[in-house]
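Trainee: fold the following for me, if possible:
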Amino acid sequence: MKVTIIKSRRKTIAIQVNSDLSVTVRAPYVVTEKYIEEFLNKNEAWISKQMNEIKAKKKSVESGNVENVTLDKIKALADQALKIIPARVEYFARIIGVTYGNITIRNQKTRWGSCSSKGNLNFNCLLMFAPPEVLDYVVVHELCHRKQMNHSKAFWSEVEKVFPDYKKSIKWLKEEGSQIMYMVTELGKIPGDISNIKMKDRKK
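Mentor: Numbers count the residues shown, from 1 in each chain. As a prediction, this is how the structure comes out:
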């Protein structure tokens with residue numbers, strides 16, 4: 001089991017089991033390696049359970065042939081996203097009451113979307129594997145950054161106004177979405193940012 005220890009000014013110790021089955025321990029500076037080792041041993045059953053769940057999810061994703069996604073398939077997904085996502089952006093931008101600039105579709109390893117200070121929006125083409133409500137959440141999330149360029153309480157309040165059940169989508173992205181990203185970009189050996197298709201949409 002590969003373990004990475006990250007120390008910071010945090011007050012508590014936490015364990016994270018990653019999609020590649022490695023473990024990340026986040027701990028305060030004052031915590032000793034011996035204590036961390038004991039903490040890991042104490043939580044061995046929990047870690048094993050998390051790893052088994054990740055393995056099961058990977059198996060589920062593999063059964064859906066996500067691991068066989070090719071470069072051509074990624075480009076096809078980008079084309080599909082370019083037809084679907086701008087319409088959802090336009091729809092929710094009117095509801096939220098914001099403007100936006102360029103919409104860019106890419107294949108990325110870690111991000112589902114982003115919003116620049118100029119209002120340019122970026123979305124991951126792998127969102128085409130996500131349920132419609134999850135895609136809509138990502139669109140709403142990025143558009144709400146046009147009001148709050150942060151993740152403060154005020155930002156989440158804006159998201160919740162439009163998407164009350166947003167936490168369900170976050171859960172899907174963390175659990176199911178992360179597996180899809182891993183299967184495509186890591187196991188499928190498809191590099192990130194291979195598809196960069198821009199569309200200059202009308203500013204709303």
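
Trainee: quick one: contacts for the nearest residue to residue 102 once chain neighbours are set aside?
Mentor: Counting by C-beta to C-beta, 6 or more residues apart in numbering, residue 102 lies nearest to residue 120, which is 4.5 Å off, once chain neighbours are set aside. All C-beta atoms are positioned from the backbone trio N, CA, C, and that covers glycine. Applying C-beta atoms under 8 Å, 6 or more residues apart in numbering to residue 120 gives the contacts 100, 101, 102, 103, 104.

Trainee: same for the helix ranked longest in the chain, what does it pack against?
Mentor: Using DSSP state H to define each element, the chain has its longest helix at helix 71-96. Here helix 71-96 touches strand 102-106, strand 121-124, helix 132-144, helix 153-162, strand 196-200, going by 3 or more C-beta pairs under 8 Å, 6 or more residues apart in numbering; DSSP states H and E.

Trainee: touching, residue 40 and residue 47? I think so.
Mentor: Yes - at 7.2 Å, residue 40 counts as touching residue 47 under the criterion of C-beta atoms under 8 Å.

Trainee: and residue 164, its phi and psi?
Mentor: Backbone torsions for residue 164, taken as degrees, to the nearest 10, come to phi -60, psi -30.

Trainee: what about it, how many neighbours?
Mentor: For residue 164, the neighbour count with other C-beta atoms under 10 Å is 9.

Trainee: which pLDDT does the model give it?
Mentor: Residue 164 is assigned 91 on the pLDDT scale.

Trainee: any idea how far it lies from residue 13?
Mentor: Remark: distance between residue 164 and residue 13 (C-beta to C-beta, to the nearest Å) = 33 Å.

Trainee: swap in residue 118?
Mentor: Relative to residue 13, and taking C-beta to C-beta, residue 118 is found at 40 Å.

Trainee: neighbour-wise, which of those two wins?
Mentor: residue 13 (17 against 8).

Trainee: the more buried one is in contact with residue 28, isn't it?
Mentor: Yes - contact criterion C-beta under 8 Å: residue 13 and residue 28 qualify, at 7.0 Å.

Trainee: in which helix or strand would I find the residue in the chain sticking out farthest from the centre?
Mentor: Residue farthest from the centre of the chain, counting by C-alpha atoms, centre = their mean, is residue 34 at 33.4 Å. Assigned by DSSP states H and E, residue 34 belongs to helix 33-42.

Trainee: next, the buried residues of that helix.
Mentor: With burial defined by 16 or more other C-beta atoms under 10 Å, the residues of helix 33-42 counted as buried are 36, 40.

Trainee: kindly report the same for stretch 80-96.
Mentor: In terms of neighbour count (16+ other C-beta under 10 Å), stretch 80-96 has its buried residues at 81, 82, 84, 85, 86, 88, 89, 92, 93, 96.
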